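>>> Prediction below, plus the sequence it came from.
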Amino acid sequence: MRPNTLGLQMKELPGPIFEEVPVGVTFLKKILSKSKSNKEVLYRLSVLFLTFLAYVAYHASRKPISIVKNSKDFLDCSSDKNQCHSWISEIDGKPEDEARTLLGLLDTTYLVSYAFFMFISGFIAERVDLRVFLAFGMMGSGLFTFLFGFAYFAGIHSIWYLIIIQVIGGMFQTTGWPGVVTVMANWFGKGKRGLIMGIWNSHTSIGNILGALLAGAFVNENWGLSFAIPGLLISLVGILIYLFLITEPSAVGITAPKQGNRPLTPSSSAIQVSPENSTKHLDALTPVGLSKSTSSSRLIDSAYESDSDNVYMLQKEGKAIGFVDALKIPGVVEFSLCLFFAKLVSYTFLFWLPNYISSTSGFDAKSSATLSTFFDVGGIIGGVIAGVISDKSGMSATTCAGMLIAAIPTMFLYQVLQGFWCPMAQVGGLPILNDCYFLNVVFLVFTGLLVNGPYALITTAVSAELGTHKSLQNSGKALATVTAIIDGTGSIGAAVGPFMAGWLAGDGNWDTVFTMLMVADVFALLLLARLMKHEVRRCWRRRFSF
């Protein structure tokens, strides 16, 4: 041990400790051994592609229930609203309002399970091999997605069978988000994080679109295949993850990018310093080397904390953070509660939009599913726009607030458009492609953009920034827990929203559902008030200080 100019104790350690290299990567390394290509770029691209593909598959396997429950084979109240016909024996013969409430239990049990196990998954993800964790979760998700569709092939009509499948399936689905966000943060530094995460987060909407199209292709003839095909897809992607995903740069001898306020080194318990490069490392630890990024990292590092918080320490990287300590990170509580309401709105659209379209326009299940995908097209655009604005301004809370404010009148106008101004028409369940249809498409895109923009930003770039906050110098493994807290809290809202929608729309009155969604956005906005005040004050000081 020898002291340095900062008064910190630093160890000289042996060479880096490498992680196990996946079997598929070992094979590819032999093939590419004589290639002149930049290996690091290829590794980063592979991580970007595989994590993107993984979450596309996760969301594609979640979407079928929102399509299938809209089919007449699953629930039909068109002939007599006081006596519906349903595949599920406990719902068959019930009046429409009671039938929709019971059907909403399938969404609610899945989402409550997802929210509960998300906190546990974040805790586990920090302590296991993420490649195995993700592959196991994807295979389990695929199995239970298939087993839901198996009810059609086996003639199982019990709601309790379907509820058990949803609970266990929700548990396996929680492996996805803490895993992929942590892997991404391991490989990509802070620069342009909002933009990178915004583009990468389009996997959510693309997965929804893919899931809607796959489920919609079979829903009118064989709804069992609407689950079986997405279940097979996520299982196959899980095999790819196991064979090829490299979760840590150190596994292939690459130095990790800068996280938080220090550069990370390959999986060692302390920063390694040799006599010839000690000066370089010491410079990186000075206040200059620890200067804030010009991207959204400025939000996390200086907007929410006191000026006296200027102590930087080198501690053991491998120590995982506790749940209570994660809650103490500035911004975690506010963004978590904001996501509760933002995700309530987003998931109500995810699970009930096809049903709303069918109920108000008379479209069949396949046509309703196809039209609903334009909401997710808007979600892709919204995630990218939110990330770019956050990167340019360094004001993530204000970016979210601006989109939440605009989303409120947009949702109102979308509801009024279909209900009064320009209702869509159909013939035999198929839409008439007139001006009203295309105007509906435009409003769906804008609604998806403004609803999913804040949701995407909080669950990706903001979560990653909070998980590498400078107060975590003693923990290099906090990201999975922080991500799980934020997304888990949001998932509680995601469970509440669809349940309330099923209950409120039971009599076919959707006005109260849209009122609930607009009120939820108001609460999300209020929860960001303190963070916005800090951001605006910091921006004002930076602009007018000389």
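Structure received.

>>> how about low-confidence regions in this structure?
In the prediction, the chain carries residues with pLDDT under 70 at positions 1-20, 31-37, 189-195, 256-323, 460-480, 506-507, 545-546.

>>> One more pass at 50, please.
Under the criterion pLDDT under 50, the flagged ranges of the chain are 1-18, 260-318, 473-476.

>>> how deep is residue 239 tucked in, by neighbour count?
14 (other C-beta atoms under 10 Å). Bear in mind the C-beta positions are built from the backbone N, C-alpha and C, glycine included.

>>> Quickly find the element holding it.
Assigned by DSSP states H and E, residue 239 belongs to helix 223-244.

>>> Check which helices and strands that helix sits against.
Counting contacts by 3 or more C-beta pairs under 8 Å, 6 or more residues apart in numbering; DSSP states H and E, helix 223-244 is packed against helix 23-31, helix 39-62, helix 64-68, helix 130-154, helix 202-218.

>>> Just give me the residue right at the centre of the chain.
Closest to where the C-alpha atoms of the chain average out (C-alpha atoms, centre = their mean) is residue 459, at 5.4 Å.

>>> Isn't that one up against residue 490?
Yes. Under the criterion of C-beta atoms under 8 Å, residue 459 makes contact with residue 490 at 7.0 Å.

>>> which outside residues touch stretch 171-183?
Applying C-beta atoms under 8 Å, 6 or more residues apart in numbering, the contact partners of stretch 171-183 are 47, 51, 54-55, 58, 61-62, 113-114, 117-118, 120-122, 125-126, 130, 133-134, 136-138, 140-141, 143-144, 245, 247, 459-460, 463-464, 467, 479-481, 483-484, 487.

>>> how about a cut-off of 7 Å?
47, 51, 54-55, 58, 62, 113-114, 117-118, 121-122, 125, 130, 133-134, 136-137, 140-141, 144, 247, 460, 463-464, 479-480, 483-484, 487 (C-beta atoms under 7 Å, 6 or more residues apart in numbering).

>>> Please pick the buried ones from those.
Buried members of the contacts of stretch 171-183, scored by 16 or more other C-beta atoms under 10 Å, are 47, 51, 54-55, 58, 62, 113-114, 117-118, 121-122, 125, 130, 133-134, 136-137, 140-141, 144, 247, 460, 463-464, 479-480, 483-484, 487.

>>> if we can go back for a sec, reformat the helices and strands packed on helix 223-244 as CSV; add distance to residue 344.
Shown next, in CSV, are the helices and strands packed on helix 223-244 (distance: least, C-beta to C-beta, whole Å):
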stretch, distance to residue 344
helix 23-31, 39
helix 39-62, 16
helix 64-68, 15
helix 130-154, 23
helix 202-218, 16
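
>>> Out of those, which gets nearest to residue 424?
Among those, the nearest to residue 424 by C-beta to C-beta is helix 202-218 (17.2 Å).

>>> and the angle for the closest one with helix 130-154?
Helix 202-218 runs at 20 degrees relative to helix 130-154, counting by axes from the mean of the first three to the mean of the last three C-alpha atoms, to 10 degrees.

>>> Look at residue 119 and say how many residues are nearby.
18.

>>> and the helix or strand hosting residue 356, what does it pack onto?
Element membership for residue 356, per DSSP H and E: helix 332-361. Helices and strands touching helix 332-361, by 3 or more C-beta pairs under 7 Å, 6 or more residues apart in numbering; DSSP states H and E, are helix 64-68, helix 365-393, helix 435-457, helix 479-504, helix 511-527.

>>> leaving aside the residues next to it on the chain, what's closest to residue 346?
Of all residues not flanking residue 346 in the chain, residue 455 sits nearest, at 4.8 Å (C-beta to C-beta, 6 or more residues apart in numbering).

>>> how near is residue 61 to residue 235?
9 Å (C-beta to C-beta, to the nearest Å).

>>> contact partners of stretch 354-368?
Taking C-beta under 7 Å, 6+ apart as the rule, stretch 354-368 contacts 66-67, 69-71, 216, 219-220, 369, 371-372, 418-419, 423-424, 426, 429-431, 508, 510.

>>> Render the CA-only coordinates of stretch 89-96 in CSV, please.
The C-alpha trace of stretch 89-96 is given here as CSV (Å, rounded to 0.1, in the frame of the first residue of the first chain):
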residue,chain,number,x,y,z
SER,A,89,-66.3,-21.0,-17.7
GLU,A,90,-66.4,-18.6,-14.7
ILE,A,91,-67.2,-15.7,-17.0
ASP,A,92,-69.6,-17.4,-19.4
GLY,A,93,-73.1,-16.2,-18.9
LYS,A,94,-72.1,-13.1,-16.8
PRO,A,95,-73.3,-9.6,-17.7
GLU,A,96,-70.9,-7.4,-19.6
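
>>> that older thread, out of the helices and strands packed on helix 223-244, the one nearest residue 169 is which?
Among the helices and strands packed on helix 223-244, helix 130-154 sits nearest to residue 169 (C-beta to C-beta), with 3.8 Å.

>>> Could you tell me which residues within the following helix or strand past that closest one count as buried?
The element immediately downstream of helix 130-154 (helix or strand, assigned by DSSP H and E) is helix 159-173. For helix 159-173, a neighbour-count test (16+ other C-beta under 10 Å) marks 159, 161-163, 165-173 as buried.

>>> For residue 204, state which of those is nearest.
residue 173 (12.8 Å).

>>> Pull up the overlap in contacts between residue 459 and residue 490.
In terms of C-beta under 7 Å, 6+ apart, residue 459 and residue 490 are both contacted by the residues residue 339.

>>> Leaving out sequence neighbours, find the closest residue to residue 520.
Leaving aside its chain neighbours, residue 520 sits nearest to residue 341 (4.3 Å; criterion: C-beta to C-beta, 6+ apart).

>>> show me what contacts the one you found?
Contact analysis of residue 341 by C-beta under 7 Å, 6+ apart lists 493, 520, 521, 523, 524.

>>> Farthest pair within the residues you listed?
Among the contacts of residue 341, 493 and 521 lie farthest apart (C-beta to C-beta), at 11.6 Å.

>>> list the buried ones in the helix or strand harbouring residue 113?
If you go by DSSP H and E, residue 113 is part of helix 96-125. For helix 96-125, burial by neighbour count (16+ other C-beta under 10 Å) applies to 96-97, 99-119, 121-125.

>>> ok so, going back, which of residue 61 and residue 235 has more neighbours?
Ranked by neighbour count (other C-beta under 10 Å), residue 61 and residue 235 place residue 61 first, with 34 against 20.

>>> contacting residues for that one?
Residue 61 touches 141, 142, 145, 211, 230, 231, 234, counting by C-beta under 7 Å, 6+ apart.

>>> Out of the residues you listed, which is nearest to residue 331?
The closest of those, once distances to residue 331 are taken by C-beta to C-beta, is residue 141, at 30.5 Å.

>>> now the closest one: how far from residue 55?
Residue 141 is 11 Å from residue 55, by C-beta to C-beta.

>>> one step back: would JSON lines of the contacts of residue 341 with distance to residue 155 and neighbour count be doable?
Below are the contacts of residue 341 laid out as JSON lines (distance: C-beta to C-beta, whole Å; neighbours: other C-beta atoms under 10 Å):
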{"residue": "493", "distance to residue 155": "36", "neighbour count": "26"}
{"residue": "520", "distance to residue 155": "39", "neighbour count": "24"}
{"residue": "521", "distance to residue 155": "43", "neighbour count": "24"}
{"residue": "523", "distance to residue 155": "44", "neighbour count": "16"}
{"residue": "524", "distance to residue 155": "44", "neighbour count": "26"}
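
>>> out of those residues, which one sits closest to residue 252?
The closest of those, once distances to residue 252 are taken by C-beta to C-beta, is residue 493, at 38.8 Å.

>>> That closest one reaches residue 343, doesn't it?
Yes. Judged on C-beta atoms under 7 Å, residue 493 makes contact with residue 343 at a distance of 4.7 Å.

>>> how long is stretch 359-366 end to end?
Distance between the boundary residues of stretch 359-366 (C-alpha to C-alpha, to the nearest Å) amounts to 13 Å.

>>> swap in stretch 119-135?
Stretch 119-135 end-to-end distance (C-alpha to C-alpha) = 19 Å.
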